[in-house]
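Peer 1: attaching a predicted model along with its sequence, questions to come.
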Amino acid sequence: MREISELIYETCKTYLITQGKFILLLEVFIGSIIVLYFGALSPDVRGGNARVEGTRIAVHDVIGLLLNGESVESITASRLPMLTKAQVYECLAYYEDHRGEVDLLVARQMTDDQR
C-alpha cells in the first residue's frame, strides 16, 4: 500500500512541476506578445505610457476621446485619422485590462486641459 501511495505522490509531484514550467513559459510568451502588440513602453515617448504601436498616440488619448462621447468612427475619420478602427479597438482591449492606470492618466490629462 505504501508503494502505491509513493507512486501517486511522485506522479503528482512530477505533474505539478511540469505544469508550473508550462505556466511560466506561457506567461513569458504572453508578455512577449503584449509587448509586440502594444509596442514597448519608452520613457522618452509620451512619458513611457502605453501607446498605439508605430505612433506617438497614447492609449489614454484614445480612451479619453471615447469617454468624452466620440465614437470609433469619428476618431478614425476626423480626430485621429492615422489610426485604424482595429487600433482603436486594441486601445479598448488594453483599457479593459488596465482600467485603473488609464483612468488615472485620462483624469490627469483632463485636469491639465482645464488649466
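Peer 2: Received, thanks. Numbering: from 1, shown residues only.
Peer 1: host element of R108?
Peer 2: helix 99-114 (DSSP states H and E).
Peer 1: now the residue nearest to the spatial centre of the chain, what's its secondary structure?
Peer 2: Centroid check for the chain by C-alpha atoms, centre = their mean gives Y94 as the closest residue, at 3.9 Å. Using DSSP: H, G, I helix; E, B strand; the rest coil, the structure places Y94 in helix.
Peer 1: other SSEs contacting the longest helix seen in the chain?
Peer 2: Determined from DSSP state H, the single longest helix within the chain is helix 2-38. In terms of contacts (3 or more C-beta pairs under 8 Å, 6 or more residues apart in numbering; DSSP states H and E), helix 2-38 is packed against helix 85-97. (Each C-beta comes from the backbone N, C-alpha and C, glycine too.)
Peer 1: buried residues in the helix it packs on?
Peer 2: For helix 85-97, the neighbour count (16 or more other C-beta atoms under 10 Å) marks Q87, V88, E90, C91, Y94, Y95 as buried.
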